[in-house]
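Trainee: Attaching a predicted model along with its sequence, questions to come.
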Amino acid sequence: MSKPVIGIIILAAGSSSRLGKPKQNLVYKGQTLLQRAIETAHSSACETIMVILGANAEVIIPTINEPEISIIQNNNWIEGIASSIRLGVAKIQELNPAISSVILMLCDQPFIDTHILNMLTLAKTKSGIAACGYNDTVGPPALFDKAYFDELLGLKGTEGAKKLLTKYTDTVTIVPFEKGKIDIDTLEDFEQLA
C-alpha cells in the first residue's frame, strides 16, 4: 500500500477587520504569525504546502521567505473562508495529483506546532477526518481525506470546514490541543499571548 501524501493549506486570506491591520504580519517571538505557520508546516510530515492569501497580499508576500511553498491569491476572499478552502483544495490537487488528504490550518493559532500536525496525520481513522479538540468542541487544524474534497469544494460564503466536522461528528478522530482555543482576532488577543 502506498504511503499517503498529505498536503497543508494555510488559510490566510482574511482582512483582519477586527484587528485593524493584517494579523498575518503580527510578529510573535521574532516571526510573523504566517511565517511561524509556514515553518511549522514545513517541519511536519506533510509534503505539499500552500498558502492562500487575499486581503493585504501586497504587504504580506514580501514577508514570506520560503521558496518551497505555493502562494495562491484568492481574488474572491471577500466572500468568506469557503472561497479560500475551495481554491486551496482545487489548486493543491493540480499541484500534486498524488495528494490523498489535506490539513486545513489557520495562521492565527500561534500555538500550532509540528507535533500537532503530525498527530493529525497519524490520527486519521477509517472515517478520514481528524480534528483538534479544545473548548469542548473540534476545530482547526483539521485533516480531511480525499473522499471529502467534493464536499469541501461545495462550501459557500462563511461556511468553514466546521460544517463537515459537525456533519460527521461521530466519526471524527480528535487530537487534544487545548491551546488551539487561542487565536488572534483582536489586538487584545495578541497582547495576551504569553
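Mentor: Done, it's in.
Trainee: Show me the residue sitting in the middle of the protein in space.
Mentor: Residue closest to the mean C-alpha point of the chain, counted by CA atoms, centre = their mean, is M105 at 1.4 Å.
Trainee: Report the strands that pair with the helix or strand harbouring it, each with its relative direction.
Mentor: Element membership of M105 [criterion: DSSP states H and E] is strand 101-106. Strand 101-106 sits in its sheet next to strand 6-12 (parallel), strand 137-145 (antiparallel), going by DSSP bridges.
Trainee: most packed of these?
Mentor: Per residue and on average, the most neighbours among these fall to strand 6-12, with a mean of 27 (mean count of other CB atoms under 10 Å). Quick note: C-beta positions are derived from backbone N, CA and C, even for glycine.
Trainee: what's in contact with that one?
Mentor: By CB atoms under 8 Å, 6 or more residues apart in numbering, the residues outside strand 6-12 that reach it are 24, 34, 37-38, 41, 44-54, 60, 81, 84-85, 88-89, 92, 95-96, 99-107, 117, 121, 143.
Trainee: ok so, going back, verify the stated contact: the residue nearest to the centre of the chain with D113.
Mentor: No: the criterion here is CB atoms under 8 Å, and M105 misses it with D113 at 11.5 Å.
Trainee: those helices in this structure, which residues are they?
Mentor: 33-42, 57-60, 81-95, 114-123, 149-153, 162-167, 187-191 (DSSP state H).
Trainee: burial of the nearest residue to Q24 once chain neighbours are set aside, as a residue count?
Mentor: Leaving aside its chain neighbours, Q24 sits nearest to L34 (4.1 Å; criterion: CB to CB, 6 or more residues apart in numbering). The local packing of L34 (other CB atoms under 10 Å) involves 23 other residues.
Trainee: How much space separates L34 from T171?
Mentor: L34 sits 32 Å away from T171, going by CB to CB, to the nearest Å.
Trainee: gap between the lowest-mean-pLDDT helix or strand in the chain and the chain center?
Mentor: In the chain, the helix or strand scored least confidently by mean pLDDT, DSSP states H and E is helix 187-191, which has a mean of 89. Using CA atoms, centre = their mean, to the nearest Å, the distance from the centre of helix 187-191 to the centre of the chain it belongs to is 21 Å.
Trainee: ok, now stretch 175-188?
Mentor: 13 Å.
Trainee: Extract the C-alpha set from it and format it as CSV.
Mentor: C-alpha atoms of stretch 175-188 as CSV (Å, rounded to 0.1, in the frame of the first residue of the first chain):
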residue,chain,number,x,y,z
VAL,A,175,-6.4,15.2,18.7
PRO,A,176,-6.4,17.1,22.0
PHE,A,177,-5.0,20.6,21.6
GLU,A,178,-6.1,22.8,24.5
LYS,A,179,-4.1,25.8,23.2
GLY,A,180,-6.0,25.6,20.0
LYS,A,181,-8.6,27.8,21.6
ILE,A,182,-6.1,30.7,21.4
ASP,A,183,-6.4,32.6,18.1
ILE,A,184,-5.7,36.2,17.2
ASP,A,185,-8.7,38.3,16.2
THR,A,186,-8.1,41.5,18.1
LEU,A,187,-5.1,43.5,19.3
GLU,A,188,-6.1,42.5,22.9
